[in-house]
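Undergrad: quick one, what's the 3D model for this:
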Amino acid sequence: ARWLEKQAEVRVAVLSGRGRMFCAGLDFMSFAAMAEDDPAKALPLEERTHGLCNKPQFAAYAWHELPVPVIAAIRGGALGGGLQVALGADIRIASEDAKIAIAETQWGLVPDMSGFALARRLLRDDVLRQLTYTAQRIDGNRACALGLITETAQDPLERAFEIARQIAARSPSAIRGSKRLINGLDDQSSSEILLAESREQGAVIGKPHQVEAVMANLEKREPVFD
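TA: Have a look, this model is predicted:
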């Protein structure tokens with residue numbers, strides 16, 4: 001994510017798993033280190049090493065902070081920490097039979113990779129509590145109905161790239177500005193949001209990307225953004 005953040009030409013990112021799973025969550029070898037209970041090996045979780053986050057939290061929250069939209073394509077499953085990584089994305093596409101779970105309590109842990117900061121905007125409070133307390137696995141259809149998943153697709157990766165192409169065809173400046181505005185909705189007052197809208201609009205209106213978007217629409221052609 002840090003590398004992508006520096007690539008000015010990037011317009012959208014797609015996250016997917018290499019194998020049959022999006023991400024199964026915690027590496028079970030980590031449990032052995034926990035069992036040793038060696039304070040010297042313990043990660044200083046309260047230390048903020050990556051802006052608002054510690055290192056594990058940043059693995060998921062980095063995608064939320066990335067300047068461009070991020071789409072997660074979920075097949076097989078997104079469990080525990082894997083789900084939290086997916087929650088960092090702007091849009092989540094899952095197969096109908098994908099296995100989705102806030103699985104940490106099954107292993108005596110709490111979700112601690114920024115999942116709560118991200119899920120609060122998606123789920124009702126009581127639903128978030130039920131899924132967290134029970135570690136229940138739900139399929140893609142149920143996750144979509146609850147709001148954890150944006151939509152389901154037979155081929156999540158193909159659908160993710162379809163949406164990515166639509167986003168990439170829009171003004172990069174407008175897309176980045178829109179993401180900044182949406183990211184601020186939870187933590188800003190109405191007056192702050194209204195002022196932010198004005199600032200973002202002032203930064204794009206009349207500029208080359210916005211002019212090209214208008215001309216392309218008038219000339220009924222695909223826009224070309226530098």
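Undergrad: what's the local residue count around Phe225?
TA: By other Cβ atoms under 10 Å, the residues close to Phe225 number 17. For glycine as for every other residue, the C-beta is placed from the backbone atoms N, C-alpha and C.
Undergrad: quickly note the distance from the closest residue to Thr49 other than its chain neighbours to Gly81.
TA: Nearest non-adjacent residue to Thr49, counting by Cβ to Cβ, 6 or more residues apart in numbering: Lys55, 5.5 Å away. To Gly81, Lys55 is 12 Å away according to Cβ to Cβ, to the nearest Å.
Undergrad: ok, now Gly202?
TA: Taken as Cβ to Cβ, the span from Gly202 to Gly81 is 40 Å.
Undergrad: looking at the two, which is more packed in?
TA: Gly81 (23 against 11).
Undergrad: got the phi and psi for the more buried one?
TA: phi -60, psi -30 (degrees, to the nearest 10).
Undergrad: wait, isn't Glu212 in contact with Arg170?
TA: No - if you go by Cβ atoms under 8 Å, Glu212 and Arg170 don't touch, sitting 10.9 Å apart.
Undergrad: quick one, strands of this structure?
TA: With strands called from DSSP state E, the chain shows them at 13-16, 70-74, 77-79, 91-94, 99-101, 151-152.
Undergrad: how about those strands in CSV, adding mean pLDDT?
TA: As requested, those are arranged in CSV below (pLDDT from 0 to 100):
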stretch, mean pLDDT
strand 13-16, 96
strand 70-74, 98
strand 77-79, 94
strand 91-94, 98
strand 99-101, 97
strand 151-152, 98
